[in-house]
Every structure is written in C-alpha cells, then in structure tokens.
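Peer 1: just to be clear, the model below is a prediction. Sequence and coordinates:
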Amino acid sequence: MSLLDIRVPAVLLRIDRNPFHHGTLGAVRSLGRAGVEVHVVADSAGSPVRSSRFVCQMHPPPAPGASPGDIAGTLRRVAARIARPAVLIPMDDASAVAVGRLGDELAPSFLLPQQPGALSERVADKAELAAVCAGADIPHPVTLIPESPAQAASAAWQLGLPVVAKWSRPWLVPAGTGLRSTVVVHSAQEARELFLRADEAGSRLLLQAFLPSGPDRDWFFHGYADRSGAVRGGGSGRKQRAWPRGAGLTAVGRWTPNPQVRALAERLTASLGYRGIFDLDFRRCGSTGRYHLLDFNPRPGAQFRLFADSAGLDVVRALHLDLTHRPLPDGAPRPGRTFVVENYAPLSALRPVLGGRELAWHAPDDPGPGRAMWGLWGLHVLRKVRERLGGPPPAVRTAEVRVVRQAGESHPNGPVEPAELTKLTELSDDEKASSC
C-alpha cells in the first residue's frame, strides 16, 4: 500500500520553456512511482519528460510573461478536467510567484501550503533576498542596487572587480534578448551598459561582491517546511561538478551532511514563517569560512531527488503527504548518495560510485525519457553550434545596485585569479534549471 493518498492527483506547473528541466521528470517519477496520478502543465515540445510512463497527461502551459489572470485561467481548465482537488507544485520561479499571488483564488481546486502573503515572490527577488538575509543575520554577498548608469559604474569599482551582476527578478527576463539572469562583470563600463537595459529585462539590476568558486565551496540545501514549520524531506549537498564550470547548475551533487548549512536553512525559514518546498544555494567564503546564501528558490530544486531517504521520502512526497494530512515517515538519511545529470556530466554517469547514485534521465523502470533525451540533446547542441557559427555571440552585459550589507561584513577587494572566474554565457537561463 502506498504511503501517499493516491486518491489525490498532483499537478506540476512550469511556465518557462526549458525542455531539459530534469527536476520536472524527477517529480513525475517520485509521485508516479507512489501511485499518484501526475498531470504536467508545461511546454512538451521537444521535451523528454513527455516520454515518461508516469505522466498521466500533459497540458498546455500559460504563455511566457502571462498575467496572473491568464495563469489562473489555465489552472482552472486543468482543474475542470481533473474534477477533484489536486496538489499543485510549481516547478520554476515564475510559477511559484504566480501561485503565491493566486493562492486564495486557486482554492479549493488545488491544495497548497499556507504561505504568508507574497513570501515566495519576496525570497525569489534577488534584491529583496539581500534585505531578508540582513534581517535574519544570514551571510549574503554585499549587494549594491544602483539607480543610474554612473552609480552602476561606481558600484563596480566600490565592490572590487570582478563583480556578479543579477537581474532582481530573473523570471521576467524575456527570451531572445541575449540577457542572462546572472553574469560576472569585469569592468565598470560593462556595469554601466547593463544598467541601461533594465527596462528590457523587466526588473532592477544588482551588483554583488564576487565570491570565487573552489573545492568544497558550493553547497545547497533542499527541504520542505511542513504545517508546523519543521524542515523535512531534504538535506545538505555539495556541488561536485557544475555546468558551466564554477558557476552553473549542479551536474554532479553529493549528499554531504553539513550542520552549519542546515542551521542556516532552518533559521531562515523559521524567521520567515516559510511553508512549502525550498531550495537554497550557498557559497563558502574562502577567507572567512562563512556560508553565504546566494539564492532562495521557493520550489523544488532540479536535483531534489538526491535527498531520497531510506523510506523513499523526498521534498515532493513530503509536500503531498503533508497537504493530504498523512504522516511523514522517519527514514534514515543516505549520506554519500550522488545525483548525476548525464547530458552535462556523461563521464560521471559511467563511473562507479559508493553510496548509491541516481541519474537525472535514465531509469530502468522508466526508460523512455533517457532514450528521448540523447536524441533531443544532440539536436539542441547542433542548433547552438550553428547559431554561434552564424555570427558573433551576444556581448556580455552587466547589472546594477544600492547598498545592502551584512552587519560587520566586508567585501573582498583582493586580487582574484583569472582561472577562478566564470562567465555565464554558455548556458541559457532556462537550461540552468535554476538550481545552482
């Protein structure tokens, strides 16, 4: 008998158009294997996810940039077809923000965590997150929010080049503009030029102190804050391999207990009264040893299946159990477990590992997505190569800022080795799958 209430279906919502979001497939398999009927509201064109035997039905998603009203209309149509209450799980930031705004309107057709106000939108906004961290005494890179091109250039010098530039609301950045949600800026002129594109990007731009990557520095924490606020169904992981190197999504991650990272995650979610699934990205400062929060994603991270414990509990199952008022099993952690995304780390997918491993695409009980992925990925890579050969790549542009500091925190102005710098120009924002 399934631990989950299989009378209650699940609806996965994804607004962005990334066909290679392996986190969506992970959620489909996690719930489908437990006997839950899974509906996916996402763009299925060219996506391996549609090949999964655990997908009950694919539904057309809202258009990119859709209004909350349009998103609500799409979900109402899905609810009418299902004809009974379902657990709704946003799978990207745009979906999480929209669902946070529409919570009252979506009930009772959908079951959702009781989240305070517009909290999902607040933590997903990179500018707001800096203030949230300052208020909760969570380490965060020094962040400046300029209000003019001149201030952007000045902020870049003040922080000490290179600096990290981010659009505060990356889910609003239109496709096809050449703009990235995050880039490393190497000159004041780049910062000035990027500020001039704020209207095009749809949100403010920030400049942050650059924390170099390195061995044992990139960490993440996935969890589910239940109705009582207790954090369940996740753990801390170390990024062993990223794509692109040093600054991209987790291509290889390892479940590695880290009491400091867990304490920061639990303190932050408790101080906010956060409820639901979350994915936090941290980087350890090489000079101070402090773990700085880089991102708060109010939805499942793409590699959430890394943290499936001995009882089979992960954050997606924890959500379904909690919202259907079922007890969450007390499984044992499985430290040393590894998660590999084969299209970004094919050699790692072939090497033997201790502690167990889960692949993002390939699964013996669901072979369709793995087979489909390689064919579609080859076409995707070929298209990218042709685009680059057809003309010069878009110029790297930059971001802007006003000051939000940690109490007693200084920013790194010392020299940075060129080998430690990574420009995020090789990967589209959709392909980053958001979970660094």
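Peer 2: That came through fine.

Peer 1: who does the strand or helix carrying A153 touch, helix- and strand-wise?
Peer 2: For A153, the host element (DSSP states H and E) is helix 149-159. Applying 3 or more C-beta pairs under 8 Å, 6 or more residues apart in numbering; DSSP states H and E, we find helix 149-159 packed against strand 143-144, helix 188-195, strand 205-209. To be clear about C-beta, it is placed using only N, CA and C from the backbone, and glycine gets the same treatment.

Peer 1: so can I have a markdown table of those showing distance to L106?
Peer 2: A markdown table is the format used below for these (distance: least, C-beta to C-beta, whole Å):
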| stretch | distance to L106 |
| --- | --- |
| strand 143-144 | 33 |
| helix 188-195 | 36 |
| strand 205-209 | 31 |
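
Peer 1: could you dump these into a markdown table and include distance to E266 and mean neighbour count?
Peer 2: Below are the helices and strands packed on helix 149-159 laid out as a markdown table (distance: least, C-beta to C-beta, whole Å; neighbours: other C-beta atoms under 10 Å):
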| stretch | distance to E266 | mean neighbour count |
| --- | --- | --- |
| strand 143-144 | 23 | 28 |
| helix 188-195 | 35 | 23 |
| strand 205-209 | 24 | 27 |
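
Peer 1: and of the ones you listed, who's closest to S228?
Peer 2: Across the helices and strands packed on helix 149-159, the minimum distance to S228, taken as C-beta to C-beta, is reached by strand 143-144, at 32.2 Å.

Peer 1: helices or strands next to that closest one in the packing?
Peer 2: helix 126-136, helix 149-159, strand 205-209.

Peer 1: R50 is nearest to which of the ones you listed?
Peer 2: helix 126-136 (31.9 Å).

Peer 1: helix, strand or coil for V97?
Peer 2: helix (DSSP: H, G, I helix; E, B strand; the rest coil).

Peer 1: can you check G223 too?
Peer 2: Under three-state DSSP, G223 comes out as strand.

Peer 1: look up how far P61 lies from it.
Peer 2: Distance of G223 to P61, computed by C-beta to C-beta, to the nearest Å: 27 Å.

Peer 1: cool, and W361?
Peer 2: In this view, W361 and P61 are 21 Å apart by C-beta to C-beta.

Peer 1: which of the two has more neighbours?
Peer 2: Neighbours around W361 and P61, counted as other C-beta atoms under 10 Å, are more numerous at W361. The numbers are 26 against 20.

Peer 1: mind listing what's buried in stretch 28-42?
Peer 2: Under the neighbour-count criterion of 16 or more other C-beta atoms under 10 Å, stretch 28-42 has 28-34, 36-42 buried.

Peer 1: circling back: switch the helices and strands packed on strand 143-144 over to CSV; also include distance to P244.
Peer 2: Supplementary listing: the helices and strands packed on strand 143-144 in CSV, determined by distance: least, C-beta to C-beta, whole Å:
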stretch, distance to P244
helix 126-136, 19
helix 149-159, 22
strand 205-209, 18
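
Peer 1: of the ones you listed, which is nearest T74?
Peer 2: Set against T74 and scored by C-beta to C-beta, those come closest in helix 126-136, at 26.5 Å.

Peer 1: okay, the angle between the closest one and strand 205-209?
Peer 2: Helix 126-136 runs at 50 degrees relative to strand 205-209, counting by axes from the mean of the first three to the mean of the last three C-alpha atoms, to 10 degrees.

Peer 1: counting by contacts, list what helix 126-136 packs against.
Peer 2: Looks like helix 126-136 contacts helix 119-124, strand 143-144, strand 205-209, helix 259-272, strand 291-297 (3+ C-beta pairs under 8 Å, 6+ apart).

Peer 1: quick check: phi and psi at L172.
Peer 2: The phi/psi pair for L172 (degrees, to the nearest 10) reads phi -90, psi -10.

Peer 1: same check on the one 10 residues further on?
Peer 2: Geometry field for T182 lists phi and psi as phi -140, psi 130, criterion degrees, to the nearest 10.

Peer 1: re earlier: could you dump the helices and strands packed on strand 143-144 to JSON lines with distance to D216 and mean pLDDT?
Peer 2: As requested, those are arranged in JSON lines below (distance: least, C-beta to C-beta, whole Å; pLDDT from 0 to 100):
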{"stretch": "helix 126-136", "distance to D216": "22", "mean pLDDT": "94"}
{"stretch": "helix 149-159", "distance to D216": "24", "mean pLDDT": "97"}
{"stretch": "strand 205-209", "distance to D216": "20", "mean pLDDT": "97"}
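
Peer 1: now, of the ones you listed, which is deepest in the fold?
Peer 2: Burial of those is given as mean neighbour count (mean count of other C-beta atoms under 10 Å); strand 205-209 ranks first at a mean of 27.

Peer 1: name the helices or strands packed onto that one?
Peer 2: Here strand 205-209 touches helix 126-136, strand 143-144, helix 149-159, strand 163-167, helix 188-195, going by 3+ C-beta pairs under 8 Å, 6+ apart.

Peer 1: nearest to V340, out of the helices and strands packed on strand 143-144?
Peer 2: Nearest to V340, of all the helices and strands packed on strand 143-144, is helix 126-136, at 28.4 Å by C-beta to C-beta.

Peer 1: great, nothing more from me.
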